[in-house]
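[1] sharing a model prediction with you, sequence too.
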Amino acid sequence: MSTQEQDKLKPTASVARDGLKLGGVLCLTYLARILGLGYPFFSLIYFAGLILIPYTAYRLTKAYRDQVATPSTGFSWLQGLSYTLRQHVFGGILALIPQYFYFRYFVPQILDQLHEMLSGQPQALGQQLQESLASLEATPLWQWLWVDYCFTLFLGLVWGALVGLALRQRPFYQ
(Lines give C-alpha, C1' and ligand atoms only; values in the text may rest on other atoms or scores of the structure.)
Protein backbone atom coordinates (compact mmCIF):
# COMPACT_ATOMS: atom_id res chain seq x y z
CA MET A 1 0.00 0.00 0.00
CA SER A 2 1.39 3.40 -0.95
CA THR A 3 1.89 6.25 1.49
CA GLN A 4 -0.85 8.21 -0.24
CA GLU A 5 -3.34 5.36 0.25
CA GLN A 6 -2.33 5.05 3.90
CA ASP A 7 -2.90 8.80 4.41
CA LYS A 8 -6.42 8.43 3.00
CA LEU A 9 -7.19 5.58 5.43
CA LYS A 10 -6.07 7.48 8.58
CA PRO A 11 -9.23 9.62 8.88
CA THR A 12 -11.40 6.56 8.27
CA ALA A 13 -9.58 4.57 10.96
CA SER A 14 -9.86 7.52 13.34
CA VAL A 15 -13.59 7.97 12.80
CA ALA A 16 -14.19 4.22 13.06
CA ARG A 17 -12.31 4.07 16.36
CA ASP A 18 -14.18 7.10 17.68
CA GLY A 19 -17.43 5.67 16.33
CA LEU A 20 -16.84 2.54 18.39
CA LYS A 21 -16.34 4.70 21.48
CA LEU A 22 -19.56 6.54 20.76
CA GLY A 23 -21.21 3.20 20.03
CA GLY A 24 -20.21 2.04 23.51
CA VAL A 25 -22.01 5.03 25.00
CA LEU A 26 -25.01 4.33 22.76
CA CYS A 27 -25.03 0.67 23.85
CA LEU A 28 -24.94 1.58 27.52
CA THR A 29 -27.72 4.11 27.00
CA TYR A 30 -29.93 1.59 25.19
CA LEU A 31 -29.14 -1.07 27.78
CA ALA A 32 -30.22 1.36 30.50
CA ARG A 33 -33.45 1.94 28.54
CA ILE A 34 -34.12 -1.80 28.51
CA LEU A 35 -33.30 -2.26 32.19
CA GLY A 36 -35.31 0.85 33.06
CA LEU A 37 -38.47 -1.06 32.17
CA GLY A 38 -38.08 -3.19 35.28
CA TYR A 39 -35.80 -1.10 37.48
CA PRO A 40 -36.54 2.65 37.68
CA PHE A 41 -32.96 3.49 38.71
CA PHE A 42 -31.77 2.60 35.23
CA SER A 43 -34.11 5.22 33.80
CA LEU A 44 -31.91 7.83 35.46
CA ILE A 45 -28.86 6.28 33.83
CA TYR A 46 -30.73 6.32 30.51
CA PHE A 47 -31.40 10.07 30.79
CA ALA A 48 -27.77 10.67 31.78
CA GLY A 49 -26.75 8.69 28.69
CA LEU A 50 -28.93 10.91 26.51
CA ILE A 51 -26.89 13.87 27.72
CA LEU A 52 -23.60 11.97 27.44
CA ILE A 53 -24.10 11.07 23.76
CA PRO A 54 -23.76 14.60 22.30
CA TYR A 55 -21.05 15.43 24.84
CA THR A 56 -19.04 12.36 23.76
CA ALA A 57 -19.49 13.27 20.09
CA TYR A 58 -18.24 16.78 20.86
CA ARG A 59 -15.18 15.59 22.79
CA LEU A 60 -14.21 13.03 20.14
CA THR A 61 -14.60 15.56 17.31
CA LYS A 62 -12.63 18.15 19.29
CA ALA A 63 -9.78 15.66 19.74
CA TYR A 64 -9.86 14.96 16.00
CA ARG A 65 -9.84 18.68 15.22
CA ASP A 66 -6.83 19.18 17.48
CA GLN A 67 -4.98 16.47 15.53
CA VAL A 68 -5.72 17.63 12.00
CA ALA A 69 -6.28 21.38 12.14
CA THR A 70 -3.42 23.77 11.58
CA PRO A 71 -3.51 27.57 11.64
CA SER A 72 -3.32 27.62 7.85
CA THR A 73 -6.02 25.00 7.19
CA GLY A 74 -8.31 25.53 10.17
CA PHE A 75 -11.32 23.31 10.79
CA SER A 76 -14.55 24.01 8.96
CA TRP A 77 -18.13 23.57 10.05
CA LEU A 78 -18.54 20.91 7.39
CA GLN A 79 -15.57 18.92 8.71
CA GLY A 80 -17.11 18.92 12.19
CA LEU A 81 -20.51 17.92 10.82
CA SER A 82 -19.02 15.15 8.68
CA TYR A 83 -16.84 13.68 11.41
CA THR A 84 -19.66 13.64 13.99
CA LEU A 85 -22.12 12.13 11.52
CA ARG A 86 -19.64 9.40 10.56
CA GLN A 87 -19.12 8.63 14.26
CA HIS A 88 -22.86 8.03 14.50
CA VAL A 89 -22.75 5.79 11.42
CA PHE A 90 -20.19 3.49 13.05
CA GLY A 91 -21.58 3.84 16.58
CA GLY A 92 -25.12 3.18 15.39
CA ILE A 93 -24.04 -0.16 13.95
CA LEU A 94 -22.66 -1.22 17.32
CA ALA A 95 -25.80 0.08 19.05
CA LEU A 96 -27.93 -2.28 16.95
CA ILE A 97 -26.93 -5.11 19.32
CA PRO A 98 -28.93 -3.96 22.37
CA GLN A 99 -31.62 -2.56 20.10
CA TYR A 100 -32.10 -6.01 18.58
CA PHE A 101 -32.81 -7.49 22.01
CA TYR A 102 -35.06 -4.57 22.89
CA PHE A 103 -37.23 -4.91 19.80
CA ARG A 104 -37.07 -8.71 19.72
CA TYR A 105 -37.95 -9.47 23.34
CA PHE A 106 -39.17 -6.40 25.23
CA VAL A 107 -41.39 -4.56 22.75
CA PRO A 108 -43.63 -7.65 22.17
CA GLN A 109 -44.10 -7.95 25.96
CA ILE A 110 -45.05 -4.28 26.19
CA LEU A 111 -47.52 -4.65 23.33
CA ASP A 112 -49.06 -7.73 25.01
CA GLN A 113 -49.51 -5.76 28.22
CA LEU A 114 -51.21 -2.99 26.25
CA HIS A 115 -53.57 -5.57 24.72
CA GLU A 116 -54.57 -6.71 28.20
CA MET A 117 -55.13 -3.14 29.37
CA LEU A 118 -57.29 -2.35 26.36
CA SER A 119 -59.53 -5.35 26.82
CA GLY A 120 -61.48 -3.42 29.48
CA GLN A 121 -61.86 -0.23 27.43
CA PRO A 122 -65.08 0.91 25.73
CA GLN A 123 -65.58 -0.83 22.40
CA ALA A 124 -65.10 2.15 20.03
CA LEU A 125 -61.93 3.45 21.63
CA GLY A 126 -60.58 -0.02 22.33
CA GLN A 127 -61.15 -1.15 18.74
CA GLN A 128 -59.12 1.68 17.24
CA LEU A 129 -56.27 1.11 19.65
CA GLN A 130 -56.40 -2.65 19.05
CA GLU A 131 -55.99 -2.01 15.32
CA SER A 132 -53.03 0.29 15.99
CA LEU A 133 -51.41 -2.34 18.21
CA ALA A 134 -52.00 -5.03 15.59
CA SER A 135 -50.23 -2.80 13.06
CA LEU A 136 -47.27 -2.36 15.42
CA GLU A 137 -47.08 -6.10 16.07
CA ALA A 138 -47.04 -6.79 12.34
CA THR A 139 -44.00 -4.56 11.85
CA PRO A 140 -40.95 -6.72 11.03
CA LEU A 141 -37.97 -6.63 13.38
CA TRP A 142 -35.61 -5.36 10.70
CA GLN A 143 -37.92 -2.38 10.12
CA TRP A 144 -37.84 -1.45 13.82
CA LEU A 145 -34.04 -1.65 13.74
CA TRP A 146 -33.76 0.35 10.52
CA VAL A 147 -35.97 3.15 11.84
CA ASP A 148 -33.98 3.32 15.08
CA TYR A 149 -30.69 3.34 13.15
CA CYS A 150 -31.96 6.13 10.90
CA PHE A 151 -32.99 8.07 14.01
CA THR A 152 -29.44 7.66 15.33
CA LEU A 153 -28.13 9.06 12.03
CA PHE A 154 -30.59 11.95 12.21
CA LEU A 155 -29.39 12.80 15.71
CA GLY A 156 -25.82 12.54 14.41
CA LEU A 157 -26.72 15.12 11.79
CA VAL A 158 -28.20 17.43 14.43
CA TRP A 159 -25.29 16.99 16.86
CA GLY A 160 -22.85 17.29 13.96
CA ALA A 161 -24.28 20.63 12.90
CA LEU A 162 -23.98 21.95 16.45
CA VAL A 163 -20.52 20.44 17.04
CA GLY A 164 -19.32 21.79 13.69
CA LEU A 165 -20.46 25.27 14.68
CA ALA A 166 -18.83 25.03 18.09
CA LEU A 167 -15.50 23.73 16.79
CA ARG A 168 -15.03 25.60 13.52
CA GLN A 169 -11.90 27.67 13.28
CA ARG A 170 -12.57 29.60 10.11
CA PRO A 171 -15.53 31.32 8.43
CA PHE A 172 -18.19 29.30 6.60
CA TYR A 173 -17.14 30.41 3.14
CA GLN A 174 -13.59 29.05 3.36
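    Looks like it arrived, so ask away. Residues are numbered from 1 along each chain as shown.

[2] just give the nearest non-adjacent residue to residue 86, would you?
    Of all residues not flanking residue 86 in the chain, residue 15 sits nearest, at 4.5 Å (Cβ to Cβ, 6 or more residues apart in numbering). Placement of C-beta: from N, CA and C, glycine included.

[3] distance of the one you found from residue 91?
    10 Å (Cβ to Cβ, to the nearest Å).

[4] more crowded one of these two?
    Legend: neighbour count by other Cβ atoms under 10 Å for residue 15 and residue 91, higher for residue 91 (27 against 23).

[5] quick one: what helix or strand has that one in it?
    helix 77-101 (DSSP states H and E).

[6] pLDDT on that helix, on average?
    Mean pLDDT, helix 77-101: 94.

[7] which positions within the helix or strand that comes right after that helix qualify as buried?
    Once the chain leaves helix 77-101, the next helix or strand it forms, by DSSP H and E, is helix 107-118. For helix 107-118, the neighbour count (16 or more other Cβ atoms under 10 Å) marks 114, 118 as buried.

[8] packing partners for helix 107-118?
    Applying 3 or more Cβ pairs under 8 Å, 6 or more residues apart in numbering; DSSP states H and E, one finds that helix 107-118 contacts helix 123-137.

[9] what is the helix or strand following the helix it packs on packed up against?
    Towards the C-terminus, the helix or strand next in line after helix 123-137, according to DSSP H and E, is helix 141-167. Counting contacts by 3+ Cβ pairs under 8 Å, 6+ apart, helix 141-167 is packed against helix 41-68, helix 77-101.

[10] highest mean neighbour count out of those?
    Across those, averaging neighbours per residue (mean count of other Cβ atoms under 10 Å) puts helix 77-101 on top, at a mean of 21.
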